[in-house]
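Asks: This is a predicted model, with the sequence first.
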Amino acid sequence: MSVNEQDFKNALKLWASGVTVVTSKAKDGSLKGMTATSFSSVSVDPPQIFVCINQSADTGENILEGKAFAVNILKAEQEDISNQFAGGASQEQRFANVNWHEGALGSPMIDDALASLECTVVEKVLAGTHWVIIGEVQNVDCRSGDPLLYYNSAYREVK
């Protein structure tokens, strides 16, 4: 017996998390990106993280095809970037007016993000509606600032 979907969602929205934008570059050179809060470290040796991405998301398809991606941890003042990558905007519109540079593996790394981790895909697991994608961190950019947080269906600040 499993819990109903709404009770599950109500419980999960009470988990405070940081906000990331997961990005990748397709073999044809097109950029893909999406906002994600399902991200965590896996291992320090080797340095690995995971992201969970819905099977239907074109960003996930792109990551699995290209075998590389970046996780950009957003700063508190980057709520607009989170919204831009979360909505129904086209992939082209998502990258509009966002300063980024290409990482060593080709993934877009947001210039002013709190941190950006560029990874190679080492494993993928299909779990329900989502891919759990494990990446080995190859490059890291870190900056100072406060993180953008999401809790109870709203953005929050560190106090």
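Replies: That came through, no problem. Residues are numbered from 1 along each chain as shown.

Asks: Can you show me the strands along the protein?
Replies: 17-18, 20-25, 31-36, 39-43, 48-54, 68-73, 100-102, 108-110, 115-127, 130-142, 149-151, 154-156 (DSSP state E).

Asks: And the contacts of the third one?
Replies: Contacts of strand 31-36 from elsewhere in the structure, counted by Cβ atoms under 8 Å, 6 or more residues apart in numbering, are 19-26, 51-53, 57-59, 62-63, 71, 82-83, 85-86, 91-92, 94-95, 108. The C-beta positions use only the backbone N, C-alpha and C, and glycine is treated the same way.

Asks: For it, list the C-alpha coordinates in PDB.
Replies: The C-alpha trace of strand 31-36 is given here as PDB (Å, rounded to 0.1, in the frame of the first residue of the first chain):
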ATOM      1  CA  LEU A  31      21.900  24.200 -25.200                       C
ATOM      2  CA  LYS A  32      19.500  22.600 -22.700                       C
ATOM      3  CA  GLY A  33      18.700  23.500 -19.100                       C
ATOM      4  CA  MET A  34      16.200  23.200 -16.400                       C
ATOM      5  CA  THR A  35      15.600  24.200 -12.700                       C
ATOM      6  CA  ALA A  36      16.000  21.300 -10.300                       C
END
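
Asks: Show me what residue 51 bridges to in the sheet.
Replies: Judged by DSSP bridges, the bridge partners of residue 51 are residue 39, residue 133.

Asks: does it really touch residue 73, like I thought?
Replies: No - using Cβ atoms under 8 Å, residue 51 is not in contact with residue 73; the gap is 11.7 Å.

Asks: So between those two, which is more surrounded?
Replies: Applying other Cβ atoms under 10 Å to residue 51 and residue 73 shows that residue 51 carries more neighbours, namely 24 against 21.

Asks: show me the residues around the residue nearest the centre of the chain that make contact.
Replies: Nearest to the mean C-alpha position of the chain, by Cα atoms, centre = their mean, lies residue 22 at 3.0 Å. Contact analysis of residue 22 by Cβ under 8 Å, 6+ apart lists 33-36, 39, 51, 53, 59, 63, 69-72.

Asks: Could you rerun that using 10 Å?
Replies: Residue 22 is in contact with 32-36, 38-39, 51-53, 57, 59-60, 62-63, 69-72, 85, 107-108, 119, 133, 135, counting by Cβ atoms under 10 Å, 6 or more residues apart in numbering.

Asks: Need the nearest residue in space to it, chain neighbours excluded.
Replies: Leaving aside its chain neighbours, residue 22 sits nearest to residue 36 (4.9 Å; criterion: Cβ to Cβ, 6 or more residues apart in numbering).
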